[in-house]
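can you look at this prediction? I've put the sequence above it.
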Amino acid sequence: MSTAWMQPLPLVAILRGLTPQEAPAIGLALFEAGFRILEVPLNSPQPLESIALLARALGEHCLVGAGTVLMPRQVGEVAEAGGRLIVMPHADVEVIAAAHARGLRCTPGVATPTEAFAALRAGADALKLFPAEQLPPSVLKAWLSVLPRGTGVLPVGGITPERMAAYRDAGATGFGIGSALYAPGTPPDEVARRAHAFIDAWNKTNRDPTP
């Protein structure tokens with residue numbers, strides 16, 4: 001499995017609660033800080049409008065998509081809005097298939113090895129280790145001893161700059177970052193400050209990716 005599509009920075013900005021009014025400024029702040037993967041969960045206000053705004057403004061430079069995608073029909077809606085990434089809290093193989101039918105990247109959420117292997121068989125582009133609060137670095141290390149070499153795994157849930165090193169040492173390919181980066185109403189300059197803190201933490205723990 002190639003994880004080249006997540007480069008140059010495999011950190012996913014999870015913008016839960018983002019409104020269309022905030023989207024351009026927040027997206028620009030993240031882009032200028034160095035983020036290149038932006039996710040708007042579908043339980044945000046008017047998420048498809050925010051995705052469309054971000055895709056128009058930053059789609060040439062960033063991978064913009066949706067999170068909390070629960071049903072196959074939502075994949076088409078995201079694609080029509082300009083999204084190119086589907087992120088899920090679960091490992092529904094029908095959603096994975098729908099994403100690939102539209103040419104979109106798909107990162108399903110998994111919490112057990114059974115779910116991880118099923119998602120990979122269905123064509124997952126990477127795995128979202130979720131919720132990371134319940135799956136410590138020791139669990140990730142054990143998983144990676146049996147998963148196919150090169151599998152991309154991104155811990156998501158409660159990730160802070162301080163928690164990244166232990167997961168990175170265990171083999172994490174990247175991270176999904178939510179409320180510690182953005183919460184509704186956070187000003188763009190504060191989002192940018194937090195983004196730089198996460199990027200600095202990533203760079204300090206960076207290792208050569210598994211080939």
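That came through fine.

by contact count, what packs against the helix or strand containing Ile86?
Per DSSP states H and E: Ile86 is located in strand 85-87. Identification of packing neighbours for strand 85-87 by 3 or more CB pairs under 8 Å, 6 or more residues apart in numbering; DSSP states H and E yields strand 37-41, strand 63-67, strand 105-107. For every residue, glycine as well, the C-beta is placed using N, CA and C.

which is the next helix or strand following the shortest one?
If I follow you right, that is strand 105-107. Later in the chain than strand 105-107, the nearest helix or strand by DSSP H and E is strand 109-110.

now tell me what touches that next one from outside.
87-91, 116, 119, 127-130, 156 (CB atoms under 8 Å, 6 or more residues apart in numbering).

how much space between the nearest residue to Leu154 once chain neighbours are set aside and Ala97?
Distance criterion CB to CB, 6 or more residues apart in numbering; nearest residue to Leu154, sequence neighbours excluded, is Gly174 at 4.6 Å. Distance of Gly174 to Ala97, computed by CB to CB, to the nearest Å: 24 Å.

can you pull out the helices in the protein?
Ranges of helices in the chain, per DSSP state H, are 23-33, 47-58, 72-80, 93-101, 113-121, 137-144, 164-170, 188-205.

pick the most deeply packed of those helices.
helix 47-58 (a mean of 22; mean count of other CB atoms under 10 Å).
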